[in-house]
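Undergrad: my questions concern the predicted model and sequence given below.
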Amino acid sequence: MSRSVLVTGGNRGIGLAIARAFADAGDKVAVTYRSGKPPVDLIDLGVLAVRCDITDPEQVEQAYKEVEAAHGNVEVLIANAGITKDQLLMRMTEEDFTSVLDTNLTGTFRVVKRANRGMLRARKGRVVLISSVVGLTGQAGQANYAASKAGLVGFARSLARELGSRNITFNVVAPGFVDTDMTRSLSDEQQAGIVAQVPLGRYAQVEEIAAVVRFLASDDASYITGAVIPVDGGLGMGH
């Protein structure tokens, strides 16, 4: 049965792969994006693209109204939207820190709280938060990003306890280094240094992240909640 699926930050990278995976499976998919335009093939798949800055509560509310009008209440939410503003602590401004937290953590709070309204009425729902291996292991120059991604784990686990009795699951996927436009822009030396840290000796493909997300939103994962699933080639093992 086709479900209403919302992927935040679904116009590129990991979010785009997740949106495609659900659309290919026959779900009614909507994506939010803050800038740029979603790829044409995403629109061809029937995906609804809604411009939304998740740091703005009014834009979040309007985005949900558009999605609900087209697809009904959101049954599966993938909170993927996020930003980075990397800087060493001594050079990191307060705006560098708070803006990353407001998007990655507080923005997730906004979209999850709004989706929860319909999920509670339906007494079912699947929520998957996209964190990062950096949120588990830490990374020099990314104190703001790591703090925001680590916060998603506590957020998801608290809600898993709070709403488990309503058949709403909350899980976290923590990708490692992924083959995206951002990593491709690094020098060969930088890429070799990254891959050398990964036991499997390569980047993840975005489709590998999307496959785990789809599993967590499926009936096969109905007894999984509060879990953190690393998809990192072994980079963060032990965390």
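TA: That came through, no problem. Residues are numbered from 1 along each chain as shown.
Undergrad: residues in contact with the most centrally placed residue in the chain?
TA: The structure's the chain has its C-alpha centroid closest to Asn80; by CA atoms, centre = their mean the separation is 2.1 Å. The contact partners of Asn80, by CB atoms under 8 Å, 6 or more residues apart in numbering, come to 7-10, 14-15, 18, 130. The way it works is simple: take the backbone N, C-alpha and C, and place the C-beta from them, glycine included.
Undergrad: how close does it sit to Glu208?
TA: 15 Å (CB to CB, to the nearest Å).
Undergrad: just Asp181 next, same as before
TA: According to CB to CB, Asp181 and Glu208 sit 17 Å apart.
Undergrad: quick check: pLDDT value at Val195.
TA: The model reports Val195 with a pLDDT of 90.
Undergrad: can you list the helices and strands that the longest helix seen in the chain packs against?
TA: Criterion DSSP state H: the longest helix present in the chain is helix 143-163. On a contact count with 3 or more CB pairs under 8 Å, 6 or more residues apart in numbering; DSSP states H and E, helix 143-163 meets helix 94-101, helix 107-122, strand 125-130, helix 134-137, strand 168-175.
Undergrad: coming back round to it: from the contacts of Asn80, pick the one nearest Leu88.
TA: Ile130 (25.2 Å; CB to CB).
Undergrad: any regions of this structure where pLDDT drops low?
TA: The model of the chain has no residue with pLDDT under 70.
Undergrad: rewinding a little: list the contacts of the longest helix of the chain.
TA: By CB under 8 Å, 6+ apart, the surrounding residues in contact with helix 143-163 are 79, 82, 84-87, 89, 92, 96-97, 100-101, 103-105, 108-109, 112, 116, 119-120, 127, 129, 131-132, 134-136, 138-139, 168-172, 174, 225-226, 228.
Undergrad: make a PyMOL selection of the buried ones in the residues you listed.
TA: Only the buried entries of these go into this PyMOL selection, using 16 or more other CB atoms under 10 Å:
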select buried, resi 79+82+84+85+87+92+96+97+100+101+103+104+105+108+109+112+116+119+127+129+131+132+134+135+136+168+169+170+171+172+174+225+226+228
